[in-house]
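Enquirer: Sequence and computational prediction follow.
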Amino acid sequence: MKTRIWPLSILSLLCLVLYTACHTSKPSLDNDPEIANDISADEKKLFDAKEGGEEVRIANDSVEYEIIIIDPGFNVWVNSIARPRGYYDQTFLENRNQLFVTEYNARVIQPNRFSPDLYEWQINYDRFTDYGYEVNYLLYNYFIYFQRKYNQRLSGFVPRI
């Protein structure tokens, strides 16, 4: 009789471990409550704006690139809520932009997994090209704005201001 209980207890323990492993998950990176709870009322007003703000064009003719940000509210957000120019150094901005661009582009090519309304076009960002401080500053802040507005997380870092 003991020989029957022993295999059953091992089988029960194994089932319990498998059940626990299958139902215990990491918090989702998208729809992160830590991001949502960190948004002020002023920032929320900018995110809810349907109009306002002009498009932001980031360009440098010498390296032949252009980024146009059409998201309403970004221009006002970057000038009123984002950290001021000079707060971060260029190396920091370049490193974060490389992380954000890599994850953003990975999501663009997975429209069944990530919303194609949020992730429309790939961003061609070359880490060996010196885009200058202003471009890296605006691109970095757009990623922060994007993550906070749409409650996304493009890296292991919580997008804070």
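Expert: Nice, thanks for sending it over. Residues are numbered from 1 along each chain as shown.
Enquirer: since we're on Ile70, how many residues are nearby?
Expert: A count of nearby residues for Ile70, using other C-beta atoms under 10 Å, gives 10. (C-beta placed from N, C-alpha, C; glycine too.)
Enquirer: Quickly note the distance from it to Asn79.
Expert: Ile70 is 16 Å from Asn79, where distance means C-beta to C-beta, to the nearest Å.
Enquirer: How about the contacts made by the nearest residue to Tyr150 once chain neighbours are set aside?
Expert: Residue nearest to Tyr150 in three dimensions, not counting chain neighbours: Leu118, with 5.7 Å by C-beta to C-beta, 6 or more residues apart in numbering. Residues in contact with Leu118 (C-beta atoms under 8 Å, 6 or more residues apart in numbering) are Arg107, Phe146, Tyr150, Gln152.
Enquirer: how about Leu118, secondary structure?
Expert: Taking DSSP: H, G, I helix; E, B strand; the rest coil as the rule, one finds Leu118 in the coil state.
Enquirer: quick one: which of the contacts of Leu118 is most hemmed in?
Expert: Going by other C-beta under 10 Å, Gln152 tops the contacts of Leu118 with 22 neighbours.
Enquirer: any low-confidence regions in this structure?
Expert: 1-37, 49-55, 58-65 (pLDDT under 70).
Enquirer: ok, which stretches of it are strands?
Expert: Remark: strands assigned in the chain by DSSP state E are 56-60, 65-69.
Enquirer: Could you count how many residues lie near Ile68?
Expert: Ile68: 9 neighbours (other C-beta under 10 Å).
Enquirer: try Gly86
Expert: Counted with other C-beta under 10 Å, Gly86 comes out at 8.
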